[in-house]
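1. Predicted structure and sequence below. I'll ask about it afterward.
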Amino acid sequence: MVMEDIVKIAEEMVKEQKEISVSEFFEKNRHLLGYDNPTRALLTVVKELVDNSLDATEEARILPRIWVEVKPNGVDRFEVMVKDNGPGLTDKQIPLTLGKLLYGSKFFKLRQSRGTQGIGGSGAILYSQLTTGKPTTIISSIGNGKTSYYELMIDVKKNEPEIVSHKLIEDGKIWHGVKIEMEVEGRYVESRQSVPEYLKQVAIANPYAEIIFEGPNSRLEFLRSVNEMPPLPKEIMPHPHGIELGILRRMLKSTRSRTIASFLTNDFSRIGIGTAKEICNLAGIDPRISPQRLDIGDSEKLFKAMQKVKLIRPPTDCLSPLGEDLITKGLQKEFKAEFYTAVTRPPEVYRGNPFQVEVGVAYGGELPQEGPVKILRFTNRVPLLYQEGDCAITKAIITTDWRRYGLAQSGRSIPVGPAVIMVHLASVWVPYISESKQAIASYPVIIKEIKLALQEVGRQLQRHISGKKRMEMQQRRREIFDRYLPEVANAIAKLTNKKPEPILNKLMSMIKKSTEVIVDGRGKEETGNAG
Amino acid sequence: MVEVKKKLEMLGEDVLNDINAGKNPDIDIPVRSLSNVIYDEKSKQLTLGNKVSKRFLFNVAHAKTFTQTMMIAAFCKELQEEGIHTSLRDLFYALKKTFPNSNENTFDEQSESDPIVVDLEVALDVLREQLHLNADVRGRAAGNLIIEDRGDTIDLSKLGTGGLAIPSNVEDMKFKKVKADYILVLEKNAAFERVHEDKFWQKQNCVLVTSQGQAARGVRRFIQRLSMEFDLPVYVMCDMDAFGFYIYSVIKYGSISLAHVSDRLGTPKAKFLGLTMDDIDNFKLHNFTIKAKEVDIKRAREMLKYEWFKSKEWQRLLKSLIERKIKAELEALSGRGLKFMTETYLPQKIKNEDFLD
């Protein structure tokens, strides 16, 4: 189920039964957001808060520094704290941003960012109050010498913030950032799908961020390895071909444009006056009426007309890939390998949504020789830890022939060898297969792009491996000569009644002088007929 | 015939000439696998074809075998010069050492040096005995036979339970007196002792030989000489399984791995006496057969394709083995009584000339 469907269902329910709010709906369907079991819930809480912090710092062009604490409190409860050095939230912003679901400016404008739904932070708060009944503490300052203290809960019936306590203190402390503390039910693990693994992967995809993690068992520090951030992605208006009916209806309701014609030209990319009129004609709608006046039937006609018209592709400057350099540095930071390479593909478009694929590979060195390669999946620099098998990235990897590139692979399976394969998909609208955002849907054009990138790094990997094999071969040859030639010289000397030294010298000089005589041995002795 | 020592020296000269000419030195070794073994219907012998493989020094895959070959050749030359004879095992220990600055040995096991000795035999067209290397000593004989070996006269009818241990080199052995109608070869030592104990050779007037498993060169040459020089028929008795049949065929035709010396070791007129599937049926040995293993069946299938097993009778026997999935050991005859073999089975088979060729 995609986000839009959930919102639609929730909205319908809200409409039909006045007493159910969006918050209430999510309270009852928390599994949709990644809170389905205690282990995953704890990870989701940390993930949502860290994602918000990274988005905020990046947007303000501040090199991120994020503190994460997870402290046990009783058997299955944890105190979670996340603090960042971002721009902070104003005193007024805090309750609305964090105490109300589906609030946020990120909604209709499209930009490549980590969260898009206005659910992340407030979802975590909701989960906390659901499992512990306690409010969440938010402390923030915007660098003006004042600090806001809030204790927040969410009124699930109204989907409104419930302020338990609030203070704004003029303490003269000059700092900026947000600190969120909450208590949640959960289970802490350190496996493949865990808080530390998540943070490690965040550090790989965001090598310009510094992350300090104080866990129940240990402290981990992921240091910054580059001091430059990728450029801030530009916002774009949605492309008509990438929109769904539900979004269109909500846009119609909330737009400030007065006529359908201006709505189409202002709120979408790639629609000019001419195209707007063409769409209205096709839909049989008067371009001069107010967008709010369209009923369900009309908006559906409009939607269909928008899909029919020919349009140029959406602009792609809204994407901000990591770039080959950052990917390589991110991998170098966390894996001790002998070879690193990365490829960033040019942008592509699926259903009106621009996207871009990047792939990095680390090989050899201290990476484990046995077992399948490690796959790291990212969307908009966020690690995906669950639903690996359902993801377009995994599908692209297993349908690539890795034997050609020097890794072992049996049939359509994950290749085997000392390697890490990292795939990053940047897009203004990532098509997840479900709302917990853990697997990318398998659109053919997305799979194709990932495979092209994999093949490109594969070729580089293959060159490295074959070079390595050649080196090993030469090394082996040198050893052979060192080892065997004295015995050969001795034997020839005995057979021919000569001195061994000149024979050995001659043999040694043969190796140095010419490599042509060195036949490449592939095992079998050559067979021919005596003649 | 060129002296063996000279041949070894020529091998060294050839390699040295290559080196002096800046060429990658190589040794030509005739191929000794089934693909290069030819069965000559007329002479009833396995002979070696003319395929050779080149063994290069400067080839990662060949370098070690090349080195080993040269080492063995040099060792054999020393044996010639000093007039010493030694065994394959001695050769292995004499040459086994660790290459300097490595953990690699010149030879890890005797099974590495043995085939290279045969390579040299074939490449230089000399016999192992001529290289002063003794083959395994295996095989025994008893009967109305007096021989002379290294000046000693030995009466094979007066050697007690053990009989004569046949030496690896029987070239210089002289047969002084032979009183026998045929030679009976038994694969197994236990069967040999049983038959010997019953003084079968005396009653039936024959020479008893056991190969004690696969026939060593000495036994084969012994059988060949005795049968040729006194025109004696040879009857071979082996277990009824593919390995037993192959032992018989090696005595008769020569072996795949030593096809180059078949003319010196094979006894084409040897006949297979038993055990056969018909014996199982005719002598009611059904209760004494055992189940054939996968490897027995596989080997029998391979042998179906050998040219020298293409006769109707042999194909029938091999196929029945594969179909019935059973095998029988010589000892199965004891199931019918301890003297069944000497008093019933053997006399009856020989009288009826119930043999496979």
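-> That came through, no problem. What you see is a predicted model, and the numbers here were worked out from it, not measured in a lab. Numbering: from 1, shown residues only, chains lettered A, B, ... in the order given.
2. for the residue of the stretch 1-150 of chain A found nearest chain B, helix, strand, or coil?
-> The stretch 1-150 of chain A approaches chain B most closely through residue A:39 (48.3 Å), counting by C-beta to the nearest C-beta. The way it works is simple: take the backbone N, C-alpha and C, and place the C-beta from them, glycine included. Residue A:39 falls in the helix class when you classify it by DSSP: H, G, I helix; E, B strand; the rest coil.
3. Tell me the confidence at the residue in the stretch 151-300 of chain B positioned nearest to chain A?
-> Per C-beta to the nearest C-beta, residue B:260 is where the stretch 151-300 of chain B lies closest to chain A, at 12.7 Å. Note on residue B:260: pLDDT of 79.
4. That one is in contact with residue B:120, isn't it?
-> No - if you go by C-beta atoms under 8 Å, residue B:260 and residue B:120 don't touch, sitting 11.4 Å apart.
5. The residue of the stretch 1-150 of chain A closest to chain B: what's its closest spatial neighbour, skipping adjacent residues?
-> Closest residue to residue A:39 apart from its sequence neighbours, by C-beta to C-beta, 6 or more residues apart in numbering or on different chains: residue A:187 at 4.6 Å.
6. What residues does that neighbour make contact with?
-> A:37, A:38, A:39, A:42, A:76 (C-beta atoms under 8 Å, 6 or more residues apart in numbering or on different chains).
7. if you set the cut-off to 10 Å instead, what comes out?
-> Neighbouring residues of residue A:187 by C-beta atoms under 10 Å, 6 or more residues apart in numbering or on different chains: A:37, A:38, A:39, A:40, A:41, A:42, A:43, A:75, A:76, A:78, A:194.
8. Determine how far the last residue of stretch B:235-254 lies from the first.
-> Its start and end residues considered, stretch B:235-254 measures 16 Å (C-alpha to C-alpha, to the nearest Å).
9. Buried residues in that stretch, which are they?
-> By 16 or more other C-beta atoms under 10 Å in any protein chain shown, the buried positions in stretch B:235-254 come out as B:235-254.
10. what do you get for stretch A:453-464?
-> For stretch A:453-464, using 16+ other C-beta under 10 Å, the buried residues are A:453, A:454, A:455, A:456, A:457, A:458, A:460, A:461, A:462, A:464.
11. Same check on stretch B:218-230?
-> B:218, B:219, B:220, B:221, B:222, B:223, B:224, B:225, B:226, B:227.
12. just checking, what packs against the helix ranked longest in chain A?
-> Identified as the longest helix of chain A according to DSSP state H is helix A:444-496. Helix A:444-496 makes packing contacts with strand A:339-344, strand A:348-350, strand A:353-363, helix A:392-398, strand A:419-427, helix A:500-513, helix B:4-20, helix B:63-82 when contacts are defined by 3 or more C-beta pairs under 10 Å, 6 or more residues apart in numbering or on different chains; DSSP states H and E.
13. Let's have these in a markdown table, adding mean neighbour count.
-> Shown next, in a markdown table, are the helices and strands packed on helix A:444-496 (neighbours: other C-beta atoms under 10 Å in any protein chain shown):
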| stretch | mean neighbour count |
| --- | --- |
| strand A:339-344 | 21 |
| strand A:348-350 | 18 |
| strand A:353-363 | 26 |
| helix A:392-398 | 22 |
| strand A:419-427 | 25 |
| helix A:500-513 | 15 |
| helix B:4-20 | 18 |
| helix B:63-82 | 21 |
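14. Go through those and find the least confident stretch.
-> Mean pLDDT, when computed for each of the helices and strands packed on helix A:444-496, is lowest for helix A:500-513, at a mean of 85.
15. So is that helix next to chain B?
-> Yes - using C-beta under 10 Å from any C-beta of the partner chain, we find that helix A:500-513 touches chain B at A:502, A:503, A:506, A:507, A:509, A:510, A:511, A:513.
16. Isn't the fourth one up against residue A:493?
-> Spelled out, that is residue A:507. No - counting by C-beta atoms under 10 Å, residue A:507 stays clear of residue A:493, with 11.5 Å between them.
17. So residue B:303, which state does it fall into?
-> helix.
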